[in-house]
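Asker: need a structure here:
(2 chains)
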Amino acid sequence: MQGSVLVIGGGIAGIQTSLDLTELGFKVYLVERNPSIGGRMAQLDKTFPTNDCSLCILAPKMVEVYRNANIELMTYHEVKEVTGKPGDFSVNIIKKPRYIDETKCKGCGDCATKCPKIQVPNLFDMNLGKRKSAYIPFPQAVPPIYLIDPEICLKLTKGVCGVCAKVCQAEAINFDQVEQVIKIKVGAIVVATGFDMPAEKLSSRWGYRFENVVSALEYERILCASGPFSGHVLRPGDHEEPEKIAFIQCAGSRDLHEGVPYCSSVCCMYTAKEAIITAEHSEKSKCFVFRHDIRAFGKNFYEFTQRAQKEYGVKYFQTKISKVEENPETKNLTIHYENLKTGEFHDFEANLVVLATPLVHSSGTQQLSEILGIELDEYNFFREQDYFNKSKSTKEGIYLCGFCQGPMDIPETVADSSGVAGQVAAYLSSVKFDQIKEKDIEIPELGIKDEDEPRIGVLICHCGINIGKYVHVPLLAEYVRTLPNVIQCEDNLYSCSSDSQSRIKELIINNKLNRFIVASCTPRTHEALFQETCEEAGLNKYLFEMVNIRDQCSWVHMDDAEAATQKAKDLIRMAIAKARLLKPLKEELLKITPTALIIGGGIAGMSAALNIANQGFKTYIVEKESVLGGNLNYLNELYPIEHDASDFLNRTIETIEKNENIQTFLNAKIKKAKGYVGNYIVSVEESKGKIQELSIGTIIVATGGKEYKPKDLFQYKKENKNVITQLELEQILKEKGTSWLDGIKRITTILCVNARQTEGITYCSNICCGNSIKNIGLLKKLKPELELIVLYRDLQMAKKRYEDYYRARRKDAMFLRYDLDNLPIVKRKSKSPEKYEIKYYDTNLQDFLDFETDLIVLSTPMVPSDNLMDLAKMLKVPLDKNGFFLEAHVKLRPLDFATEGIFLCGCAQWPKNVQDTISQANGAAGRASRFLSAKEITTSGIVAEVNPINCIGCGKCESVCAYNAIDILDSIKEYEDVSLLVKKSFINSALCKGCGTCAATCPNGAISIKQYDFDQITAMIESFLLET
Amino acid sequence: MCQLSKVQKYTPSKIIQLILEGFEEKVLDSGDLWDCLTCNQCLKDCPEDINFADIVRTARYLMRHKDQSADEYIAHKGIYTTLSEIMSRPYINPERNMEWVPKECKISDKGNTLYYVGCLPFFNYEFEGLDSIATSTLQIMYKVENEPIVVLREETCCGHDIYWGQGKLKTFIKLGQKNIEKFEKAGVSKIITACAECYRTFKVDYAQIFEEFESKFEVKHLIEYIYENWKEGNIEFVKPKKSEETTPFTYHDPCRLSRFLSKENDITGITREIFKEFEKLGYKFNEMKHNKENSLCCGVSSWMNCNEKSKALRYKRMLEAKEAGTIMVTSCPKCNIHLSCLQNDFEDIASIEILDFSEFLVNHIKASNQSNKKEGTN
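Answerer: Below is the predicted model of the structure:
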């Protein structure tokens, strides 16, 4: 067995898996065929439903990958051959020539600046922008290393030019590079190759051949501030601002003839997002969405599409489109469509058309499946082992995550990726930490006393000519030498090179420096490197300070060298003023109790428990009912696999019972929970009133959800036996044979009962359509002569196989569409036998119709379990407005709570089906076991500190702390003639992230942040104001 | 008796003794005078009439010039005194929020009578409900005045806190000059304020520092304003709701309206005369154990020393109030802030309703019939 993992694909899936895997104790080889990691998410402008800047939330993770010593980042590489057996794969990887030596390139960009102006379309900008031969795909690319395009490079094609080699002061240009083969050995392989969005197939009917018809991904680049049009909404053809933008949904999706048969699952949402962003960018452009169904598949997504219409005035039409044509003069587009609400045919003229292009497997999937020896499914996505093992491929030791196995959005991908990491960790648990690099043993740290005179060293970086050309570095160094306490100041070409690190150490040791400053690029990418160097020289890493004279000076003041130099002087002087007051800080080691507590014993809780237990950690399940299984106990058959739910449940419970690492408490609840990550004490009350105290390292909340009971809606009453909910139908189907159907001729299913309302339950709970359609099939099988009617609004069949599943059952039932404006009216016609009359407004036929039925099945939304508030308060984690638990970040931290060490999965977070629940549960287990694997964690030295004398215990800090690191504690203080209840704020440095919100909020200035305290900041400000 | 000495070691008489014996430097260097609440309770007991608060204020000026930092004593991170500092600049005139001005009240930027609002509109970002003091005051004045009342959108801080808290004399003078300039520009001769600190600052400190201030401007606290109009028969006190219940209430005398005024100034007396009248309106006025010149400190002064000792003092005061009634009236917005803030911490005193004098009176004042107000304006 090898303690290393190959991850193929550097998008968000690959990034998340890699990061989690290293924390779980494995070395990762991350192979990406493009020059940068980031994948599709890096190309997006914003992400729904929060409209966060996509790259802004992704870039920190990309940088984390780059800085992670246990991730070997292999961009511009491709997997060529895989041999060996599971647990011990041999992999040959092709390293494509960049013609730039990545060990020497500092990413200064001098080569690209000087590269002659032969330009080709930039693929990163979906060919809307241009790049040169020497290039970096986008400014935030990771690694920040350039490459040369051999197709257009004059030196490589014609043997002339070579100017880049002349300007590169790092001597990194190497025209002689050739393809290399790298051989590695890994224990497991994770495939995360994502998707493509080719629009070429949409040329004829959807008009992609016209210059002002773009794919949605192209439109993302148009919207992006760093995109080809700097964020201005313009037509690609003539760069005019469009007045009318038409978004066409399902262009080529759910299409059996020329597109893909499945629903891509994310388009309804990104279209709403793109329309909202357009409305924010431009007052002139109006957005029109030509939709089919609205499939907003995810937490609070449906409401987002409603916001687009209500708040941003985006117009939605329910249509069928026959074709898109171009007006050859104006280059405007005419959309011929049928309005499904009115049944009329119209033409719509738009200035720009955005196609919701289907998302398909990425190119090269076929070859990769052959190299790996794993199967593809009927849609050319990678095939999962089976329904319950979505993350496993058809071959042992090879795992799948993200879009390469079917449509999913970013949070699902992230959850999936963490889940894969957890499963790989269980698979390779015997070789955990075998190949992990430990930090070198440090040389003893110099003791620094408060009264010691500061001895400051400063290194100023030219960054080739990147800084040096615009900032007069030698002049700067001369100036810095005149400043008080500066003992040593040097300038050099690249401060980040390895010889510079040796020089920094020499300077510190030889000159007995007790502070060090580097003025160069951004601390985001480089601070950790310099801090490490300082530590190696015996200097506490918090005595290091970094100044960003690249972004702040040479980049933003490129046209004014004098101002850039002056600003660099100011910034360095301010840093010196602060450095004088820097104090060595201590990082605490926090022991982690290697146990996990799972709250809730449904399929989510059980799956999470199995994953963690299989990694070798003691796991407790606390279940309030007398049996494990949660909602699964009431289910009959699972879809779309037609698998008996109780069989799956019993098998799972059996595995749980056999697992020695799992201890289950039934009829139990959490009484009390105190402590913090790694060190919780949880009191569990068992049925007899017996209380047991458990030492817990990490907690997973898997409390599930329940079906909403539609009291008094659509005749759902005690006396009406034939008006039942979908879950009640499940139970009947599970327990009774066929005789109950005697005398029943017609069954009507009403979907969206009390869901997607304008008030109350506004959300779509995603699972009801699929479940109802499954039961249609089962009923038809039980009694083929049954007449089945489905009253629906939109059908949320937004998963890979669901569209086909739905199509197959369309022949079994009549699907009739209603809308929220005219809810069906149900009347009881006779009591025995029960008969009902349903009157409804058919939106397809534009008419009121009525029919009789014998049985009515109501599909109601899933709502949160009861009494979650108490648990939420105990654990100090939030609930959202619908009463589900609220994750730390809906996009990139879907399974974490902001409070460190507590995680969530399953329907506690949001309604979801069994497969997604298992996937999330594995994810939460993966996230949680990172702490358990680490045994101990190091807390940052930069934490908040309370001065108890000034603290008035007002509690404002506690209320703003996002990490629940602050407690307000009581004590009684006796004065001469009064005794006073005194409250004081206490900050748990293990949980504090040093964000500073508490310090900014404290009305009495009682809280300060180490390394950013008031004295230090004041010193910087004073140094700026007093010395300019 | 020094209030501070109840919660920490503090002996004003010993400090005076040290100064008298020539150890002034030692007193200044110790930084002890930053702790003083400047409530002047000690003055009440001093046989020699030594004005300790005046000494502290002067000492703070000197201490600052000895490079002592007051930062650790300043509450709310100095935001409010920084505002004053900013306003003292000749070219900066922050425009204030005027949303509190009730629609029916006509205001003007020129005229005879000025309502000097003070910091209230600035506090609104942090404390709740203080606007209603300004609103009530203006509504009361509107019942009396015939001409539109002058309210300056770009009013300047009176300088009280920066002067007393941090001893910043120069800033105080700059603020004063700016104020006088604005008063003159607006053509006012009469200044009404509902704030104890603004009142004392204009009445005593401006009068001392700026020549002719006293002769140019007539300064009145709202209490005096109401009292005089009542005595002249321009207004009468009425009972807005029919109710047989009697509400017990009490009054917290701010130091700035009691111990800090000259002996001839009898605000404490006239306040009680008004309250006596209120007994006809379904109220019962009860004195707290410590009242008038003897009144206990609200715990904080000039945004200095908000800490748990100060809380102990405030708590004591609130316990006295609780004994005396269900409503506690005061005429200093700062006392109001300090005491209300404590109610967030202690449930046992949270039920006491703390009202400003203006808020308490606004619905009980009616322009008298003989007043020609309505004919004059309409």
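
Asker: CA only for contacts and neighbour counts going forward, please
Answerer: Fine.

Asker: tell me the pLDDT at A:Gly447?
Answerer: Predicted confidence (pLDDT) for A:Gly447: 82.

Asker: what does A:Leu256 give?
Answerer: 75.

Asker: same check on B:Gln370?
Answerer: 57.

Asker: phi, psi of residue 106?
Answerer: Answering for chain A, as no chain was given. phi -110, psi 10 (degrees, to the nearest 10).

Asker: would you mind measuring from it to chain B?
Answerer: 44 Å (Cα to the nearest Cα, to the nearest Å).

Asker: may I see the buried residues of the longest strand along chain A?
Answerer: In chain A, taking DSSP state E as the definition, the longest strand is strand A:315-326. The neighbour-count check on strand A:315-326 (16 or more other Cα atoms under 10 Å in any protein chain shown) flags A:316-321, A:324-326 as buried.

Asker: mean confidence for the following helix or strand past it?
Answerer: From strand A:315-326 onward toward the C-terminus, using DSSP states H and E, the following helix or strand is strand A:333-339. For strand A:333-339, mean pLDDT rounds to 93.

Asker: just the C-alphas of strand A:333-339, formatted as PDB.
Answerer: Extracted C-alpha coordinates of strand A:333-339, given in PDB (Å, rounded to 0.1, in the frame of the first residue of the first chain):
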ATOM      1  CA  LEU A 333     -31.500  37.900 -33.100                       C
ATOM      2  CA  THR A 334     -35.100  36.800 -33.600                       C
ATOM      3  CA  ILE A 335     -36.400  34.100 -31.400                       C
ATOM      4  CA  HIS A 336     -39.400  32.200 -32.700                       C
ATOM      5  CA  TYR A 337     -41.300  30.800 -29.800                       C
ATOM      6  CA  GLU A 338     -44.600  29.400 -28.500                       C
ATOM      7  CA  ASN A 339     -45.700  30.900 -25.200                       C
END
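
Asker: can you name the residue of the stretch 101-250 of chain A nearest chain B?
Answerer: The stretch 101-250 of chain A approaches chain B most closely through A:Ala225 (34.5 Å), counting by Cα to the nearest Cα.

Asker: that residue: what secondary structure?
Answerer: Following DSSP: H, G, I helix; E, B strand; the rest coil, the label given to A:Ala225 is coil.

Asker: any idea which residue sits dead centre in chain B?
Answerer: Nearest to the geometric centre of chain B sits B:Ala196, at 2.3 Å (Cα atoms, centre = their mean).

Asker: distance of A:Cys905 from chain B?
Answerer: 38 Å.

Asker: hmm, that residue is touching A:Gly705, no?
Answerer: No: contact criterion Cα atoms under 8 Å: A:Cys905 and A:Gly705 do not qualify, at 11.2 Å.

Asker: okay, those two: which has more neighbours?
Answerer: A:Cys905 (32 against 23; other Cα atoms under 10 Å in any protein chain shown).

Asker: contacts only, for that one.
Answerer: Going by Cα atoms under 8 Å, 6 or more residues apart in numbering or on different chains, A:Cys905 touches A:604-605, A:700-702, A:895, A:917, A:920-921, A:923-924.

Asker: just to revisit the earlier point, the residue nearest to the centre of chain B touches B:Arg256, doesn't it?
Answerer: Yes: B:Ala196 is within contact range of B:Arg256, at 5.6 Å (criterion: Cα under 8 Å).

Asker: just to revisit the earlier point, can you count the residues close to the residue of the stretch 101-250 of chain A closest to chain B?
Answerer: Here the count is done by other Cα under 10 Å, and A:Ala225 has 14 residues near it.

Asker: likewise for the one 3 residues further on?
Answerer: Counted by other Cα under 10 Å, the residues lying close to A:Pro228 total 20.

Asker: which ones are touching A:Ile276?
Answerer: Applying Cα under 8 Å, 6+ apart, the residues contacting A:Ile276 are A:308, A:312, A:314.

Asker: an error on my part: the question was meant for A:Met862.
Answerer: A:705-708, A:765, A:911.

Asker: filter those down to the ones in helices?
Answerer: When the contacts of A:Met862 are checked against helices using DSSP state H, none is located there.

Asker: ok, those vs chain B, which is closest?
Answerer: Comparing those against chain B with Cα to the nearest Cα places A:Gly705 closest, at 37.1 Å.

Asker: ok, the closest one to A:Lys876 distance?
Answerer: In this view, A:Gly705 and A:Lys876 are 20 Å apart by Cα to Cα, to the nearest Å.

Asker: who touches stretch B:249-265?
Answerer: B:39-41, B:43-44, B:196-197, B:200, B:204, B:267-268, B:283-288, B:291-293, B:295, B:297-298, B:321, B:324-332, B:335.

Asker: alpha carbons of whichever helix or strand A:Thr157 is part of, as PDB, please.
Answerer: Taking DSSP H and E as the definition, one finds A:Thr157 inside helix A:154-158. Below are the C-alpha coordinates for helix A:154-158, written out as PDB (Å, rounded to 0.1, in the frame of the first residue of the first chain):
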ATOM      1  CA  LEU A 154       8.600  32.900 -33.300                       C
ATOM      2  CA  LYS A 155      11.600  31.300 -31.800                       C
ATOM      3  CA  LEU A 156      10.100  27.900 -31.700                       C
ATOM      4  CA  THR A 157       8.400  28.100 -35.100                       C
ATOM      5  CA  LYS A 158      10.800  30.200 -37.100                       C
END
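
Asker: so for whatever helix or strand comes next after that helix, what gets flagged as buried?
Answerer: The helix or strand immediately downstream of helix A:154-158 is helix A:163-167, counting by DSSP H and E. Across helix A:163-167, burial judged by 16+ other Cα under 10 Å covers A:163-165, A:167.

Asker: low-confidence stretches in the chain?
Answerer: Reading this off chain A. Along chain A, segments meeting pLDDT under 70 span A:439-442, A:1028.

Asker: nope, chain B
Answerer: B:370-378.
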